[in-house]
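>>> Got a predicted model here, sequence first, then my questions.
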Amino acid sequence: MVASEQNLGKTLRRLRRLADLTQEDLAERSGVSVDVIRQLEQGRKYSARLPTLHALANGLGVELTTLLGDPPAVAKTGEANGPRLVAVRRAIMPPLWGPPSQPVGPDFSLERLRKQIADGWSRYHAAEFDVVMRALPDLISEARSASVSGNDGDRKAGFAALGKVLQLGGHVAIRMGTTDLALTSLERAIDAAGKSSDPLLLPMIVNSTAWAYQRQGRLEDALYVANRAADDMKAAGHTNTADGLKVWGALTMSAATSAARSRDYDRAASMMETAEREAARVSKLPAGDDNRMVSVFSPSSVRIERVRLAVQYGHPEDALALAKGMRLSKDTPPSWRTWLLLDVARAHTDIGDAAGAVKTLESLKRVAPEWIRHHTLAVAIVRDLWSLPNHPQGLRPLAEFLGVTE
């Protein structure tokens, strides 16, 4: 039995109580019988078919991966709550009455620091979370020193670097499942952004904050802050550059996700259609210095998000139609490509196309073998297919690889 099976009942009970729902309330909202919910929570039933899990997640207002348990962010080392996270916590929240940050030394290079932070973002998007966690404490410390060094212009540039690296710390904390730490990091990043001269940094960090709110189930808060920041950007004329439009687009996609999770799928789909039209303008506008420091927003990224929303909220046919014939741009992060394949596999499963699901999962295994091995949703899909009376060709090797046949 895999860990996700053992924890499903406990997670279901915790999420139901957080949503202030009785078992009867959840049954009514999800369409899943009270008896099934009771058996899962009491550990008398360890798993359920994928449509049932979808229904429970929708009834709770969370992503399916939240119900199943997110994949481990530091799978190789197992230090999800070990010394590395402690070091990151200490960097984000220095100890009370600790020594103040000292100015940088003569060998300091702001350009080198910016490149190191950009590299951290690249590694984050490549799901190299353990590498990012090792680098974060020193990067945060150096950025704090830069923010108290030199003239006013130097200090503003240092605050911009500090805001960006604290934003990265917030993202890593979300991936580690510590959203309170994430919000602390993001609040301090917003403070640093206000002391910088970068007009795009604040809305970028607001977008990350909206994501943290989503992970906490605060959907109205997430929708409000993302929409407000996007409207403020348009009013200030910041969408006339490629970087500005990318930040606006990321905020709009975030707002659409919150709308979809609030069961307003039509509004979410409309917002995503608008975002995809606007994304076509990015390549025609003046570009910034380093795209790795700005939000991911392109026709490919918007289409991937549209596929995700469609499959998550009960429109698998729409998801497959959107994914058909997609050509991903070169700047699409590797992690986004893997998510697209997983969502397409989910859509095939939801419409009863077992062969299509297996073919897609085989592609995912070739692209990201370690990722699929640790991803609870991939395991759930294969387990669902394995329970069918007729196994499609290629399913057994996948099932054995993921330990489903045990």
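Yep, it's here.

>>> give me phi/psi at the residue in the chain sticking out farthest from the centre?
Relative to the centre of the chain, the most outlying C-alpha is that of Pro106, 38.3 Å out, by C-alpha atoms, centre = their mean. The phi/psi pair for Pro106 (degrees, to the nearest 10) reads phi -70, psi -20.

>>> Quick check: it vs Ser141, distance?
Between Pro106 and Ser141 the distance, using C-beta to C-beta, to the nearest Å, works out to 17 Å. Glycine gets a C-beta too; all of them are placed from N, C-alpha and C.

>>> ditto for Ile190
Distance, Ile190 to Ser141, using C-beta to C-beta: 19 Å.

>>> now Met271
In this structure, Met271 and Ser141 are 39 Å apart, going by C-beta to C-beta.

>>> With neighbour numbers in mind, choose between the two.
When neighbours are counted by other C-beta atoms under 10 Å, Met271 and Ser141 differ, and Met271 comes out ahead with 23 against 17.

>>> Name the nearest residue to the more buried one, sequence neighbours excluded.
For Met271, the nearest residue in space outside its immediate sequence neighbours is Ala256; the separation is 3.9 Å by C-beta to C-beta, 6 or more residues apart in numbering.

>>> Check the secondary structure at that neighbour for me.
Classification of Ala256 using DSSP: H, G, I helix; E, B strand; the rest coil returns helix.

>>> Next, count neighbours for it.
With other C-beta under 10 Å as criterion, Ala256 counts 27.

>>> And the one 10 residues further on, by the same measure?
For Asp266, the number of neighbouring residues by other C-beta under 10 Å comes to 10.

>>> Would you check how far apart it and Ser298 are?
24 Å.

>>> One more: Arg90?
In this structure, Arg90 and Ser298 are separated by 36 Å, where distance is defined by C-beta to C-beta.

>>> So the two - more neighbours on which side?
For Arg90 versus Ser298, the count of surrounding residues by other C-beta under 10 Å is larger for Ser298: 21 against 14.

>>> tell me the contacts of the more buried one?
If you count contacts by C-beta atoms under 8 Å, 6 or more residues apart in numbering, Ser298 has them with Ala279, Val282, Ser329, Asp331, Thr332.

>>> again, only this time at 10 Å
Contact criterion C-beta atoms under 10 Å, 6 or more residues apart in numbering gives 246, 249, 276, 279-280, 282-283, 291, 304, 328-332 as the residues in contact with Ser298.

>>> swap in Val282?
Thr241, Ala242, Asp243, Leu245, Lys246, Gly249, Phe297, Ser298, Pro299, Ser329, Asp331.

>>> On the secondary structure side, give me the element for the fifth one.
Per DSSP states H and E, Lys246 falls inside helix 242-261.

>>> Return that helix as CSV; C-alpha atoms alone will do.
Once side chains and other backbone atoms are set aside, the C-alpha atoms of helix 242-261 remain, and they are given as CSV (Å, rounded to 0.1, in the frame of the first residue of the first chain):
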residue,chain,number,x,y,z
ALA,A,242,6.4,42.4,-22.6
ASP,A,243,7.4,42.0,-19.0
GLY,A,244,4.4,44.1,-17.8
LEU,A,245,2.0,42.1,-19.9
LYS,A,246,3.5,38.8,-18.6
VAL,A,247,2.9,39.9,-15.0
TRP,A,248,-0.7,41.0,-15.9
GLY,A,249,-1.3,37.7,-17.6
ALA,A,250,-0.1,35.7,-14.6
LEU,A,251,-2.4,37.6,-12.3
THR,A,252,-5.3,37.1,-14.7
MET,A,253,-4.7,33.3,-14.9
SER,A,254,-4.4,33.2,-11.1
ALA,A,255,-7.8,35.0,-10.8
ALA,A,256,-9.3,32.5,-13.2
THR,A,257,-8.1,29.6,-11.2
SER,A,258,-9.7,31.0,-8.1
ALA,A,259,-13.0,31.6,-10.0
ALA,A,260,-12.9,27.9,-11.2
ARG,A,261,-12.3,26.6,-7.7
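
>>> What is whichever helix or strand comes after that helix packed up against?
Next along the chain after helix 242-261, taking DSSP H and E as the criterion, comes helix 265-279. Packed against helix 265-279 by the contact rule (3 or more C-beta pairs under 10 Å, 6 or more residues apart in numbering; DSSP states H and E) you find helix 219-235, helix 242-261, helix 299-312, helix 316-323.

>>> Can you say which of those helices is nearest to Leu342?
Proximity of the helices and strands packed on helix 265-279 to Leu342 was assessed by C-beta to C-beta; the nearest stretch is helix 299-312, lying at 9.1 Å.

>>> residue ranges with poor pLDDT in the stretch 251-400 of the chain?
Screening the stretch 251-400 of the chain residue by residue with the criterion pLDDT under 70, one finds the ranges 288-294, 331.

>>> And for the stretch 51-200 of the chain?
69-81.
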